[in-house]
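Coordinates for the following, if possible.
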Amino acid sequence: MSIEQYQDTFIQNNFADRIGGANYGKDTNIYKFEKIKRAKASAKKDFPDIELIDMGVGEPDEMADAGIVAKLAEEAAKEENRGYADNGIADFKEAAAKYLKDVFNVDGIDPVTEVLHSIGSKPALAMLPSAFINPGDITIMTIPGYPVLGTHTKYLGGQVYNVELKKENNFLPDLSSIPEDIAIKAKLLYLNYPNNPTGASATPEFFADVVAWAKKYNVVVIHDAPYAALTYDGLKPLSFLSVPGAKDVGVELHSLSKSYNMTGWRIGFVAGNPLIVKAFGDVKDNNDSGQFIAIQKAAAYGLAHPEITEAIAAKYSRRHNLLVDALNSLGFTAKKPKGSFFMYVEAPKGVKGGRRFESGEDFSQYLIREKLISTVPWDDAGAFVRFSVTFIAKGEEEELRVISEIKRRLSDVEFEF
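Residues are numbered from 1 along each chain as shown. Okay, here's the model as predicted:
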């Protein structure tokens, strides 16, 4: 039977309201990333001989370090690593605690009670609301941003309150703008720095304000930090946990996906408040049976070699420099981020003497369909597009070619801002 035929059976009426209930699958709205996918397919069909430059994918363009790969092969061949990992192995937890100390100067993390591995950060974000959210409870999210914690809050009958990240506040949330009644009722506050999609970085002063605010209102802080070690131009990697009092109010999520080119390996960790870590472990124990031990041991090897991330960061820094110069020469106001591999740029109002752009999505669709340059639009707090410097390019000469080609394609029009 086809999906349409099954939609006339009892199955259609049995879906939970959280995913649409009896209307599941009948929604005709086309979501942002599906629109991008369709636009890319259309552009490739219309211009089969022109390279599509993908600046939208938030995924590293290279393989994991050879030492990490070799460690995986070595450990995968050992019989003792074949079984369930459950809530993780001591080797990985100890490596994570040492990594926080060596890279972020975070003291006093107990690998036994204050660290747990996760099968990437996304599942951890999905599970954490189960430890806190009852129907009617509130999670405070920042927008634009990564929605998983909010999605699962809603699945559990909770509510989401959004705080906009605005350019005039350096894309940091204005905690004072949160209404008193929301702050009092909230249970979780989600933060993500360096930020996706804005590329903005937090400061110790901001994190100190977060700690004070969380203590005032008894709110648990979930800091999602997959880009924390990817910093540029002398900026030291900053952990929320390095700020006094942070461990009293929350946890931090780290991932090897972006900082070690290990997206498909699905390995990360949650660290911080021991009671939150314990609760996460209890929920996790009922969701998965742990990541393959050989992957945990290979990841521990990576965490012990932060110079791997430093080399990756140097590449992204170089690419950011090239992209900033190219975009600004065309009239954009692009600014190099201090962290992450994302560059968040205000969309132009239109093309001089030509079409207008009503939103970031309008501009993004124009770039894909007419210039074969793929970006991701964000219109949650102003019209912006996100460029990612994870585009495919082998070596500096190829990087320069790609950026030069972007500049060439956009030089035949004059944008209005």
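
pLDDT of stretch 306-319, averaged?
Confidence for stretch 306-319, expressed as mean pLDDT, is 98.

Could you pull out the buried residues of it?
For stretch 306-319, the neighbour count (16 or more other CB atoms under 10 Å) marks P306, I308, T309, I312, A313, K315, Y316, S317, R319 as buried. For the C-beta atoms, the positions are set from N, CA and C on the backbone; glycine is no exception.

Just the CA trace of it, in CSV.
Extracted in CSV, the C-alpha atoms of stretch 306-319 (Å, rounded to 0.1, in the frame of the first residue of the first chain):
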residue,chain,number,x,y,z
PRO,A,306,43.7,19.0,21.1
GLU,A,307,46.3,20.0,18.6
ILE,A,308,44.1,18.2,16.1
THR,A,309,41.4,20.7,16.7
GLU,A,310,43.8,23.6,16.6
ALA,A,311,44.8,22.6,13.0
ILE,A,312,41.2,22.4,12.0
ALA,A,313,40.5,25.8,13.5
ALA,A,314,43.4,27.3,11.6
LYS,A,315,41.9,26.1,8.3
TYR,A,316,38.5,27.6,9.1
SER,A,317,40.1,30.8,10.2
ARG,A,318,41.8,31.1,6.9
ARG,A,319,38.6,30.4,5.0
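
elements contacting the helix ranked longest in the chain?
For the chain, the helix with the greatest residue count under DSSP state H is helix 307-328. Secondary-structure packing of helix 307-328 (3 or more CB pairs under 8 Å, 6 or more residues apart in numbering; DSSP states H and E): strand 342-346, helix 396-410.

mind giving me TSV with those and columns for mean pLDDT, mean neighbour count and distance to A294?
Below are the helices and strands packed on helix 307-328 laid out as TSV (pLDDT from 0 to 100; neighbours: other CB atoms under 10 Å; distance: least, CB to CB, whole Å):
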stretch	mean pLDDT	mean neighbour count	distance to A294
strand 342-346	98	23	31
helix 396-410	98	16	33
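
do you know how far K349 is from K338?
28 Å (CB to CB, to the nearest Å).

Equivalent analysis for F15, please.
44 Å.

ditto for D46
38 Å.

And for K71?
For K71, the distance to K338 - CB to CB - is 31 Å.

now do L400
On the measure of CB to CB, L400 and K338 end up 23 Å apart.

Repeat that for E80.
In terms of CB to CB, E80 sits 43 Å off from K338.

Can you pick out the residue with more neighbours from these two?
Ranked by neighbour count (other CB atoms under 10 Å), E80 and K338 place K338 first, with 20 against 7.

Quick check: nearest residue in space to the more buried one, chain neighbours excluded?
Leaving aside its sequence neighbours, K338 sits nearest to S201 (CB to CB, 6 or more residues apart in numbering; 4.2 Å).

Make sure that neighbour is indeed in a strand.
No. Counting by DSSP: H, G, I helix; E, B strand; the rest coil, S201 is not found in a strand; it is coil.

pretty sure it is in contact with K335, am I right?
No. Applying CB atoms under 8 Å, one finds S201 not in contact with K335, separated by 11.8 Å.

higher neighbour count, these two?
S201 (23 against 16).

Let me see the contact set for the nearest residue to P306 once chain neighbours are set aside.
Computed as CB to CB, 6+ apart, the closest residue to P306 that is not its neighbour in sequence is V103, at 5.1 Å. Contact analysis of V103 by CB atoms under 8 Å, 6 or more residues apart in numbering lists A229, P237, P306, T309.

Same question for K98.
Neighbours of K98 in contact, by CB under 8 Å, 6+ apart: L303, A304.

May I see the buried residues of the host helix or strand of it?
Using DSSP states H and E, K98 sits within helix 90-104. Buried residues in helix 90-104, defined by neighbour count with 16+ other CB under 10 Å: D91, F92, K93, E94, A95, A96, A97, Y99, L100, V103, F104.
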